[in-house]
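Chemist: this is a predicted model, with the sequence first.
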2 protein chains.
Amino acid sequence: MSDSETQLAVQWYPPSFDVRVEAVPMPKVEHPDDAIVKIQLAGLCGSDLHGYRGHEGISDPHTCGHEFVGHVVALGSSFHSGSPASRPELYRTLKLNDKVVSPFSVSCGECRFCRIGFTARCASSLLFGTSALPGAQAQFVRVPHAGGTLVVLPPDSPLSELPDPALLLLADILPTGIFVATQAITHPKVMPLLTGVTWPGPARAFYGNAIDIQDAPAPLTAEDRTLEIAIVGLGPVGMCATVALLDMLANAQAHFNIVAIDPNAARRASLQAVYDALPENARRTSHGTFQIADIDEGKEIVRTRGRGGCHAVLEIVGNPSALTLALSLLAPAGVISSCGVHQGPPLPFIGREMYGKNVSLEFGRCSVRTLFGPAAGLLLRRRDVLAEVVKVVPLADAAHSYARFERGEGGKVAFDPWA
Amino acid sequence: MSDSETQLAVQWYPPSFDVRVEAVPMPKVEHPDDAIVKIQLAGLCGSDLHGYRGHEGISDPHTCGHEFVGHVVALGSSFHSGSPASRPELYRTLKLNDKVVSPFSVSCGECRFCRIGFTARCASSLLFGTSALPGAQAQFVRVPHAGGTLVVLPPDSPLSELPDPALLLLADILPTGIFVATQAITHPKVMPLLTGVTWPGPARAFYGNAIDIQDAPAPLTAEDRTLEIAIVGLGPVGMCATVALLDMLANAQAHFNIVAIDPNAARRASLQAVYDALPENARRTSHGTFQIADIDEGKEIVRTRGRGGCHAVLEIVGNPSALTLALSLLAPAGVISSCGVHQGPPLPFIGREMYGKNVSLEFGRCSVRTLFGPAAGLLLRRRDVLAEVVKVVPLADAAHSYARFERGEGGKVAFDPWA
């Protein structure tokens, strides 16, 4: 590739609602750890809409998109069989033409955040599709720290049987679904319902000698251990979160009542179709209830359960009204797990509410690299329902697809930059 | 006791900064589950100041105070040897003249919140010292749901060796210190540093079959596992939190760097004296550092450590500026554990900060009943330093003591209503 070559890419222009498919310079290796990936498919994600709306506080035109599947077409000089054993294995093994999926943000795999599992908050983290790092809604993309970021799909992997639109779910939204469910049900205030070990659970190992002066607490009843959970926001991530949550609850042998809430009827219908297509061992109707509702119905369902609210609410929207709804659905000592990409507004919470209800709040971005393996396993188990989630359109249709997605129409879309 | 009898009590009057020691009606048994306790000592707590300042949104005069040690002088008809075995044991065993300590809020011991360990959010919870339940800065106090609320100190308990001012710490501030430390270091994002098991730790049990496509993550280094913790607010609760945190970290064999921050020089000096009096196996200087600092010094200490901030910040103040400081000290993927009694102001956080740093927030009131045993064990282990924390003054001095405590002077005070 010469410097003068160009490629097609989706460019965002300020101030808002302006994306154009244009010729831009080809990316090239800029650092020894870089890889260049030829894009097969690039997703359009709900969080792309924050930039689209001009909410991200940025004004520079840039290439959009942070979900992609593709093939390696160029590698920096760090990639060779003699790369130190202390570095991520891909620096020794990644080859041209390898098929790869990328998490939506860069992770070095070599910092303390990566080692502990927080690859989303890697010390060198960059988000694809920002003014800091051109995105993947293009024909080619540069991947910094590629040996710590990319995931290779070898031909003998069971994942190789899956079509690219399904694999694209592994770049962001299926791991994010696992993430938001994980932060809810494994929180120390919710885990007692899964384990039967009362709060504060494992903390007791750190207390030293306690004085035995209490009544033994009465054992938890089956009703005590029935998880009440709400899911707020049923777009593509909400759909993945629902599938992930049901899977985790089944694996945990848990009893549950779930209500999934969205004001958008088309999204409710899409989730209902996915739910109905799940096998019985995934829906687990003998152990739980699952209802899909609009906002008022959802509030009423939670109220009439008489449990004082939900143990956990998954917030998958990313705006103050969703957080306000989540809090209204929450029981005392409950957990709001939020994967919404929140913007400039203050949190819509007053201090007294937080103290008065013993609220726990979990915010942030999914560490996709860490959760890739579990997400891939889930994708294989649920391929029948998940493979149909993503609809492929030509990259040339990007402006139209953004506008439709902004209106909550059309579901999950991926761009084919070669169509 | 006849209805016409009166007792002395600290009464709060609106709008603010007005407490008076006055004769008020004697409390009496109003419900079969009630006990009447004759107060030996009643504490003055930092959270009493919120009401004192008129911040609680209430306007009715009421008796203050929620920490007390005393003796049972009257019992409702629920207390008898034939009380059902399904009810808390104290309904069968509590007797007149038994010495008791009470958690600062009422808990029935019979609801799902109590069974799971969240006694602070009991379905029948009431806070002593509010317009809903007269407080303990008095000669007598009525205890609703007494069989689920009170803790008896039998004569043969090792706790009986302790003086009443030390026992008073068990009503609120020592368990609260354990609580705020527990919510920080046992959070799933912090536990990996204690256990060496990377995030998401125990969640992996719920993921089903994962596909093995990743490099094995590099093992955590000793530095990775060194906990960076800040404590914001060094009043009496902050002092208890410090003692509790050091104890838990020692029991966990953890390595740590702690910075304890307060703008008040007298509070810093008091904590330094407590720290210096701790035995080496509590300070554990071979495994950690402990520094006491004002706000600017504290920020500089955290900055120069070069770790990107603290894994956990304990917020023990209860106002927006303390939360703002806590966030500024926090590393990405960190946890703010707050036991401050927050009031009407909105949380001083914008959504983008929460998402952008993967912040976890823990708010609320300590479940003292659940943590009483560990707190009692800690009190016995640290009696030499903790027994001197509380200074006893006559109840008649209440107005003066409130005014001094409001100015951050004089440390922890307890009222003797019979002096």
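Modeler: Ah, there it is.
Chemist: how far away is the closest residue to A:A218 other than its chain neighbours from A:S102?
Modeler: Nearest non-adjacent residue to A:A218, counting by Cβ to Cβ, 6 or more residues apart in numbering or on different chains: B:R115, 5.3 Å away. Backbone N, C-alpha and C define where each C-beta goes, glycine included. Relative to A:S102, B:R115 is positioned 46 Å away (Cβ to Cβ, to the nearest Å).
Chemist: looking at these two, which one has more neighbours?
Modeler: Between B:R115 and A:S102, counted using other Cβ atoms under 10 Å in any protein chain shown, A:S102 has the larger neighbour count: 27 against 20.
Chemist: tell me who's in contact with that one.
Modeler: A:S102 sits next to A:37, A:67-68, A:128, A:136, A:143, A:149-151, A:171 when contact means Cβ atoms under 8 Å, 6 or more residues apart in numbering or on different chains.
Chemist: please redo it, this time with the cut-off set to 7 Å
Modeler: A:S102 sits next to A:68, A:143, A:149-150, A:171 when contact means Cβ atoms under 7 Å, 6 or more residues apart in numbering or on different chains.
Chemist: on that earlier part again, wait, a strand at the residue nearest to A:A218?
Modeler: No. Secondary structure of B:R115 (DSSP: H, G, I helix; E, B strand; the rest coil): helix, not part of a strand.
Chemist: got a pLDDT number for the residue of the stretch 1-150 of chain A found nearest chain B?
Modeler: Nearest residue of the stretch 1-150 of chain A to chain B: A:G117, at 3.2 Å (Cβ to the nearest Cβ). A:G117 is assigned 96 on the pLDDT scale.
Chemist: ends of stretch A:312-319, what's the gap?
Modeler: 18 Å (Cα to Cα, to the nearest Å).
Chemist: need the residues of the stretch 251-400 of chain A near chain B, please.
Modeler: A:251-252, A:332-333, A:341-347, A:349-352, A:354-355, A:358-365, A:370, A:372-374, A:376-378, A:380-381 (Cβ under 7 Å from any Cβ of the partner chain).
Chemist: going through these, which ones are buried?
Modeler: A:252, A:332-333, A:341-343, A:347, A:349, A:351-352, A:354-355, A:358-365, A:370, A:372-374, A:376-378, A:380-381 (16 or more other Cβ atoms under 10 Å in any protein chain shown).
Chemist: just those: which are in helices?
Modeler: Counted as lying in helices by DSSP state H, out of those, are A:351-352, A:354-355, A:370, A:372-374, A:376-378, A:380-381.
Chemist: which of the residues you listed sit farthest apart?
Modeler: Of all pairs drawn from these, the greatest distance, 46.9 Å, lies between A:R352 and A:L380 (Cβ to Cβ).
Chemist: name the nearest of the contacts of A:S102 relative to B:A74.
Modeler: Looking across those and measuring by Cβ to Cβ, the closest to B:A74 is A:A171, at 67.4 Å.
Chemist: for that closest one, which non-adjacent residue is closest in space?
Modeler: A:E67 (3.8 Å).
Chemist: need the contact list for the one you found.
Modeler: Applying Cβ under 7 Å, 6+ apart, the residues contacting A:E67 are A:42-43, A:45, A:104, A:136, A:168, A:171-172.
Chemist: tell me the pLDDT at A:M1?
Modeler: 46.
Chemist: for the spatially most central residue of chain A, what are its contacts?
Modeler: In chain A, the centroid-proximal residue (Cα atoms, centre = their mean) is A:T176; its distance is 1.8 Å. A:T176 sits next to A:237, A:240, A:339, A:366 when contact means Cβ under 7 Å, 6+ apart.
Chemist: just the ones in helices from those residues, please.
Modeler: A:237, A:240.
Chemist: helices and strands of chain A: which one has the lowest mean pLDDT?
Modeler: helix A:48-52 (a mean of 89; mean pLDDT, DSSP states H and E).
Chemist: so what touches the helix or strand following that one?
Modeler: Remark: after helix A:48-52, the chain's next helix or strand is strand A:62-63, criterion DSSP states H and E. Residues outside strand A:62-63 that contact it (Cβ under 7 Å, 6+ apart): A:9-12, A:24, A:129-131, A:134-135, A:137-138.
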